[in-house]
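[1] I'll drop the sequence and a predicted model, then ask my questions.
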Amino acid sequence: MRIYVLLKQTLDTEESLEIEDNKIVVDEGEKMINPYDEYAIEEALLQRDKHGGEVTAVSVGMEEIEVESSLRTAYAMGVDHAVWIQIEELAESDPHSTATILAAYLADKKADLIIGGNVSVDSGTGQVGPRLAEQLGINQATTILKLTIEDQAATVTRDVEGDEVVMKLPLPLLVTAQQGLNEPRYPSLPGIMKAKRKTIEELTLDDLSLDLQDVKAKTDTVKQYLPEQKEKGKQLEGTIHEQVQELVELLKTSVSQS
């Protein structure tokens, strides 16, 4: 079975964020594998161990140190191959850019299964997986909580806004992993040591026969801002009738100010 895992580097969720000129500024901030992508790695390894084959981790990114760190972590967890697609010449990217680049890479790979995280914890669009499946012309299922493969078909359980739905789809298939799919393993010390010596394949847009116009972002980020700090809650006092009267007045005031 040929399995490909999509990895993204995201801001460390414990980093402090600041906004300058309508953009997020991270002072010497570190990046990490997108947490949802860790579920994707684990599921890819579980399916490989059950059905045989190889797992390849693929990442599209600009910063060599950050991308290499994530891919070597994936190596340490147990993937067989790692690929970094460089986009240093691309000033801005969006889900269209990433999906188009991944589609060009995967077009001739004859993947049986492609797994990514449901969303990234930075932009949170959840678009790359579905866009990629559409471009490749293969089946897809998002926010999966369970995956079983048998006889070239997959049975998946999807999380649908607090409920679940079960689907059966033929391979090849793209799925995106939701929290609860599995419990990602920690890289072992021997795995970490071996990962340092393994080769990361490096590709450019030219290698994929893409030019900047092909992958130009379709969206513009106009402004980034932190959420407004919420006011403290108000506890109503008095009899039930008095509390209801006060609540009605508070709601009237809120509506008139909005």
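    Yep, that arrived. Remember, predicted model here, so these are calculated numbers, not experimental data.
[2] how about the helices in the stretch 101-250 of the chain?
    128-136, 189-195, 212-215, 240-257 (DSSP state H, counting those that start in this stretch).
[3] below-threshold pLDDT in the stretch 151-258 of the chain: ranges please.
    258 (pLDDT under 70).
[4] now the strands for it?
    Assigned by DSSP state E, counting those that start in this stretch, the strands in the stretch 151-258 of the chain fall at 153-160, 163-170, 173-177, 200-203.
[5] to Leu147, which of those lies closest?
    Closest to Leu147 of those, according to C-beta to C-beta: strand 153-160, at 5.4 Å. C-beta here means a position set from N, CA and C on the backbone, and glycine is covered the same way.
[6] show me what counts as buried in that closest one.
    Buried residues in strand 153-160, defined by neighbour count with 16 or more other C-beta atoms under 10 Å: Ala154, Val156, Thr157, Arg158, Asp159.
[7] give me the contacts around it.
    Strand 153-160 is contacted from outside by 113, 141-149, 164-171, 173, 175, 178, 180, using C-beta atoms under 8 Å, 6 or more residues apart in numbering.
[8] one more time with 7 Å
    Counting by C-beta atoms under 7 Å, 6 or more residues apart in numbering, strand 153-160 makes contact with 141-148, 164-171, 173, 175, 178, all of which sit outside it.
[9] list the strands paired with that strand, with their directions.
    Paired neighbours of strand 153-160 in the sheet (DSSP bridges): strand 139-150 (antiparallel), strand 163-170 (antiparallel).
[10] adding mean neighbour count and distance to Ala74, write those out as TSV.
    Compiled in TSV, the strands paired with strand 153-160 are given as follows (neighbours: other C-beta atoms under 10 Å; distance: least, C-beta to C-beta, whole Å):
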stretch	mean neighbour count	distance to Ala74
strand 139-150	18	19
strand 163-170	11	25
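[11] as TSV, the ones you listed with distance to Pro95 would be great.
    Converted to TSV, the strands paired with strand 153-160 look like this (distance: least, C-beta to C-beta, whole Å):
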stretch	distance to Pro95
strand 139-150	13
strand 163-170	22
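[12] quick one: closest of those strands to Leu226.
    Closest to Leu226 of those, according to C-beta to C-beta: strand 139-150, at 27.1 Å.
[13] convert the closest one to CSV, retaining C-alpha atoms only.
    Provided in CSV are the C-alpha atoms of strand 139-150 (Å, rounded to 0.1, in the frame of the first residue of the first chain):
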residue,chain,number,x,y,z
ASN,A,139,-12.7,10.0,-3.1
GLN,A,140,-12.4,11.9,0.1
ALA,A,141,-13.7,11.8,3.7
THR,A,142,-13.0,14.5,6.3
THR,A,143,-12.9,14.6,10.1
ILE,A,144,-12.6,10.8,10.4
LEU,A,145,-12.6,9.0,13.8
LYS,A,146,-12.1,5.5,12.5
LEU,A,147,-10.6,3.9,9.4
THR,A,148,-10.8,0.3,8.3
ILE,A,149,-9.4,-0.9,4.9
GLU,A,150,-10.3,-4.2,3.4
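[14] and stretch 184-196, end to end?
    Terminal residues of stretch 184-196 lie 20 Å apart, using C-alpha to C-alpha, to the nearest Å.
[15] and for stretch 224-243?
    Counting by C-alpha to C-alpha, you get 39 Å between the two ends of stretch 224-243.
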